[in-house]
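K.L.:
Need a 3D model of the following:
(2 chains)
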Amino acid sequence: MNIDTITKKNTDFLILDTLKFSPFVPKYLIEHHKKYFSDKNLPSPKNEEWQKLNLNRLTQHRFIQGEKLKLNKDVVSMYNISGLYSDIIVFINGWFCPELSRITNLKENLIFGSIKEMRKLYPQIFDEYFNKTNISDKHFFTALNTLYAQDGAFIYIKPNAIIENPIHVYFFTDGEDKKIFSLYRNLIIADKNSQASVLFSYHSLSSDISFTNVVNEIIVRENAYIDFNVFQGEGNESMQISNTAVYQYADSNFISHYYTMCGHLVKNEIDVNLVGDNSNAELNGLYMPDREQQFHNTIFVKHLAKHSFSKQFYRGIIDNNASAFFYGKVLIDKGAIGNEAHQTNNNILLTPYAHAHSKPHLIIYNDDVAASHGSTVGQVDKNALFYMQTRGIGRKKAETLLLSAFAEEVINKIKMIPFKLYIKILTEKRLSGEKIEKQCAKLGICRY
Amino acid sequence: MENTKRQPLLEIHDLHASIEDKEILKGINLIVYPGEVHAIMGPNGSGKSTLSAVLAGKEDYTVTKGKVFFKGKDLLKMKPEERAREGLFLAFQYPVEIPGVSIMTFLKTVMEEIYKHRGMEPMTAAEFLRYLKEKKELVEFDSKLENRAVNAGFSGGEKKKNEILQMAVINPTLAILDETDSGLDIDALKIVANGVNKMKRDDNAFIVITHYQRLLNYIVPDIVHVLYDGRIVKTGTKELALELEEKGYDWIKKELSTL
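P.N.:
Model (predicted):
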């Protein structure tokens, strides 16, 4: 039921005329959402999950669909992660660049490519898992994505396959002086007993204002394992709203690492459904908003079965006038006995103008549970700083040391070693105030 | 015989300091020469910790009057790190935890800063490990602790040993030990005292701040001062410490009230 009566169309910020309906989303879903989409409102700031997020930043603009640009291999290699030998596919502005793919697995254990193409080649797999999580119905942005998703990554790991090489998807944005939006619908399926590591990295090739809307569905079948890494390094004028829905079967393992390092406004939602018994979910994240950036992370883990384990570990370092919001929800369902759910969110504010808001929320319908949560928002420990100064370490260096140690506890959770090193180096540079590049885009990270 | 005039390492002249408008130090006078071990004893609330905090440069305290010279330089004008680099070291009574920073990393960074300040090339990794090994043996420091975060989950004894280890690594000119003996059993106390004694030279000095006389059996002072209500009220030899132990701090209170 829509409480707000808004006569002006909510989608005014998107020039939908430049878009066609999604070429791969099933017709029945498109019809379903077409009917209701015009009635759907943008999430209201009264909604506890959308508090403190200034959506005006997004809606004040007019975005058009981006063009499929010809990307040079050299440009892509500038964003290589040293030491990472992965299979890759590349997207720009919502479009797949098949000529830039590098896939060695040759379909033996892994089906990896554009979801638009894979739907045609593997319709049974697609139909079995697409929208299994019902993410499309969640809210305005997931419905929008369902209607207009241009393309996305399709990753299917066959039963019993253990994929050694990481699977890396690049998502580039280049508005060429226009304000563009890109819509990605990604689908990852780890079939029974399979294992794989995935990395999604987002980069801007220009400093244009842009909007990227992502929906990820990740299905982890019985006894399967997915290590999901996300690097958000779009430009200082870029905005991203991403929704990840995870569906876990019995004995499955899911671990995620979200690194939000740049963007004007970034909102990440992760919904984990622990549907099968004995499943594990570990969600880690580090966010470092600077200037006036707003980084929001909302997590909802639903323990729907028995003897499952979930852990949320997110940390943030907030500089200048930036703000961060963490909302961690856990649900322990009625019949869900023997579950364990933990949550930690720590924030360090570097200036008196920085903001952080941390909200834990436990909904427990079954007493047979071990749950803990801890939220902190504070400054760098003055006593620790003084202690270090009395040993001859300058104040700035002491602060950097403490902040590095703070960030490292999350970074050390990354299992993909080259990616861990990449993040460590970037974090060191950010913390030591090193000016990375004048133009945001070059190294995918902003330092001005 | 040539009579060279000795330069004092530390000169405190009429030092007054307050915290939140409450005056704690009410006129401290103290001169420490190289090669000396001074002990400062006093009851709780006398200003012992305030004195060490003010000398180290803690921001919470305001110096309202007086001057302090370290190696002839105005100490109160220097930032805490500058004082440390000049050769002043404070072994804390309650050492703080530094989460996520291992002792190894911490000491390495400290050494880098010191060498940078002295305009010297930093030690190589191998040189540093050798140097650290020497110092660890000096204070019987358990190697298992070096990869743990500084003071994180350390027992009282381990924390104090860590302070002395840092002192050994840094090799300061003037070391202030703020109630280093508090919370230590006799064995730990002996190890700590032994470490300090091994570091005594003609060109450095120590100020041992303590509530109890016991430590002074092991770190024998040249000069003993009694701090009471923010002032040094008595100065003597190590016998003064024994007298204080015997008669208690009430003896000082009585003496002062009869003046």
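K.L.:
isn't B:Ala39 right up against B:Leu227?
P.N.:
No. Using Cβ atoms under 8 Å as the test, B:Ala39 is too far from B:Leu227 to be in contact (10.3 Å). The way it works is simple: take the backbone N, C-alpha and C, and place the C-beta from them, glycine included.
K.L.:
contacting residues around the residue in the stretch 301-448 of chain A positioned nearest to chain B?
P.N.:
Ranked by Cβ to the nearest Cβ, the top residue of the stretch 301-448 of chain A for proximity to chain B is A:Ala405, at 2.7 Å. Neighbour list for A:Ala405: B:Ile98, B:Pro99, B:Gly100, B:Val101, B:Ala149 [criterion: Cβ atoms under 8 Å, 6 or more residues apart in numbering or on different chains].
K.L.:
Run through these and flag the ones next to chain A.
P.N.:
Restricting the contacts of A:Ala405 to those within reach of chain A (Cβ under 8 Å from any Cβ of the partner chain) leaves B:Ile98, B:Pro99, B:Gly100, B:Val101, B:Ala149.
K.L.:
Identify the bridge partners of the spatially closest residue to the second one that is not a sequence neighbour.
P.N.:
Closest residue to B:Pro99 apart from its sequence neighbours, by Cβ to Cβ, 6 or more residues apart in numbering or on different chains: B:Ala149 at 5.4 Å. With DSSP bridges applied, B:Ala149 shows beta-bridge pairing to B:Ser102.
K.L.:
how far away is B:Ala149 from B:Lys136?
P.N.:
B:Ala149 sits 17 Å away from B:Lys136, going by Cβ to Cβ, to the nearest Å.
K.L.:
ok, now B:Ala152?
P.N.:
From B:Ala152 to B:Lys136 the distance is 18 Å (Cβ to Cβ).
K.L.:
So which of these two has more stuff around it?
P.N.:
B:Lys136 (18 against 14; other Cβ atoms under 10 Å in any protein chain shown).
K.L.:
That one touches B:Ser143, doesn't it?
P.N.:
Yes. Using Cβ under 8 Å, B:Lys136 is in contact with B:Ser143, at 6.4 Å.
K.L.:
which phi and psi does the residue nearest to the spatial centre of chain B have?
P.N.:
By Cα atoms, centre = their mean, chain B has its centre lying nearest to B:Ile176, at 1.3 Å. Torsion angles at B:Ile176 (phi, psi; degrees, to the nearest 10) stand at phi -110, psi 120.
K.L.:
so it sits right up against B:Leu55, yeah?
P.N.:
Yes. B:Ile176 lies in contact with B:Leu55 (Cβ under 8 Å); the separation is 6.2 Å.
K.L.:
Which neighbours do these two have in common?
P.N.:
B:Leu88, B:Leu90.
K.L.:
Can you give me every residue that contacts the spatially closest residue to A:Arg291 that is not a sequence neighbour?
P.N.:
Of all residues not flanking A:Arg291 in the chain, A:Asn320 sits nearest, at 5.3 Å (Cβ to Cβ, 6+ apart). Counting by Cβ under 8 Å, 6+ apart, A:Asn320 makes contact with A:Asp290, A:Arg291, A:Glu292, A:Leu350, A:Thr351, A:Tyr353, A:Ala354.
K.L.:
hmm, 6 Å instead?
P.N.:
Listed by Cβ atoms under 6 Å, 6 or more residues apart in numbering or on different chains, the contact partners of A:Asn320 are A:Asp290, A:Arg291, A:Thr351.
K.L.:
Kindly report the residues of the stretch 51-200 of chain B close to chain A.
P.N.:
Those residues of the stretch 51-200 of chain B that sit near chain A, judged by Cβ under 6 Å from any Cβ of the partner chain, are B:56, B:80-81, B:84-85, B:90, B:96, B:98, B:100-101, B:109-110, B:113-114.
K.L.:
Make CSV out of those and add pLDDT.
P.N.:
Output for those, formatted as CSV (pLDDT from 0 to 100):
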residue, pLDDT
B:Ala56, 96
B:Pro80, 96
B:Glu81, 95
B:Ala84, 95
B:Arg85, 93
B:Leu90, 96
B:Val96, 93
B:Ile98, 93
B:Gly100, 89
B:Val101, 92
B:Thr109, 91
B:Val110, 93
B:Glu113, 88
B:Ile114, 85
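K.L.:
Closest one to chain A out of these, please.
P.N.:
For these, the nearest to chain A is B:Gly100 (2.7 Å; Cβ to the nearest Cβ).
K.L.:
Let me see the contact set for that closest one.
P.N.:
By Cβ under 6 Å, 6+ apart, the contact set of B:Gly100 is A:Ala405, A:Glu408, A:Glu409, B:Ala149.
K.L.:
then the longest helix seen in chain A to PDB, C-alphas only?
P.N.:
Scanning chain A for the helix with the most residues, using DSSP state H, yields helix A:395-411. C-alpha atoms of helix A:395-411 as PDB (Å, rounded to 0.1, in the frame of the first residue of the first chain):
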ATOM      1  CA  ARG A 395      50.800  11.800  15.500                       C
ATOM      2  CA  LYS A 396      49.900  11.400  11.800                       C
ATOM      3  CA  LYS A 397      51.900   8.200  11.500                       C
ATOM      4  CA  ALA A 398      50.400   6.900  14.700                       C
ATOM      5  CA  GLU A 399      46.900   7.600  13.400                       C
ATOM      6  CA  THR A 400      47.700   5.900  10.100                       C
ATOM      7  CA  LEU A 401      49.000   2.900  12.000                       C
ATOM      8  CA  LEU A 402      45.900   2.600  14.100                       C
ATOM      9  CA  LEU A 403      43.600   3.000  11.100                       C
ATOM     10  CA  SER A 404      45.500   0.500   9.100                       C
ATOM     11  CA  ALA A 405      45.300  -2.000  11.900                       C
ATOM     12  CA  PHE A 406      41.600  -1.300  12.100                       C
ATOM     13  CA  ALA A 407      41.000  -1.900   8.400                       C
ATOM     14  CA  GLU A 408      43.300  -4.900   8.300                       C
ATOM     15  CA  GLU A 409      41.100  -7.000  10.600                       C
ATOM     16  CA  VAL A 410      38.500  -7.000   7.800                       C
ATOM     17  CA  ILE A 411      40.900  -7.100   4.900                       C
END
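K.L.:
how about that helix: buried residues?
P.N.:
Neighbour counts using 16 or more other Cβ atoms under 10 Å in any protein chain shown place A:397-411 of helix A:395-411 among the buried residues.
K.L.:
Then stretch A:76-89?
P.N.:
By 16+ other Cβ under 10 Å, the buried positions in stretch A:76-89 come out as A:Val76, A:Tyr79, A:Ile81, A:Leu84, A:Ser86, A:Asp87, A:Ile88, A:Ile89.
K.L.:
which ones among the residues you listed are found in strands?
P.N.:
A:Asp87, A:Ile88, A:Ile89 (DSSP state E).
K.L.:
Pick the one among those residues closest to B:Met120.
P.N.:
A:Ile88 (47.1 Å; Cβ to Cβ).
K.L.:
what about the helices in the chain?
P.N.:
You didn't pick a chain, so chain A it is. Assigned by DSSP H, the helices in chain A fall at A:27-37, A:56-59, A:73-77, A:115-121, A:123-129, A:140-148, A:382-389, A:395-411, A:417-431.
K.L.:
Correction: the question concerned chain B.
P.N.:
Counting by DSSP H, the segments of chain B that form helices are B:48-56, B:80-86, B:103-117, B:125-138, B:156-170, B:186-199, B:238-247, B:249-257.
K.L.:
How far does the second one sit from its chain's centre?
P.N.:
In terms of Cα atoms, centre = their mean, to the nearest Å, the centre of helix B:80-86 is found 14 Å from the chain centre.
K.L.:
One more: the third one?
P.N.:
When C-alpha coordinates are averaged (Cα atoms, centre = their mean), helix B:103-117 and its chain have centres 19 Å apart.
K.L.:
and the angle from it to helix A:382-389?
P.N.:
50 degrees (axes from the mean of the first three to the mean of the last three Cα atoms, to 10 degrees).
K.L.:
what's the neighbour count on the nearest residue to B:Arg6 once chain neighbours are set aside?
P.N.:
Leaving aside its sequence neighbours, B:Arg6 sits nearest to B:Tyr33 (Cβ to Cβ, 6+ apart; 5.3 Å). Neighbour count of B:Tyr33, defined by other Cβ under 10 Å: 15.
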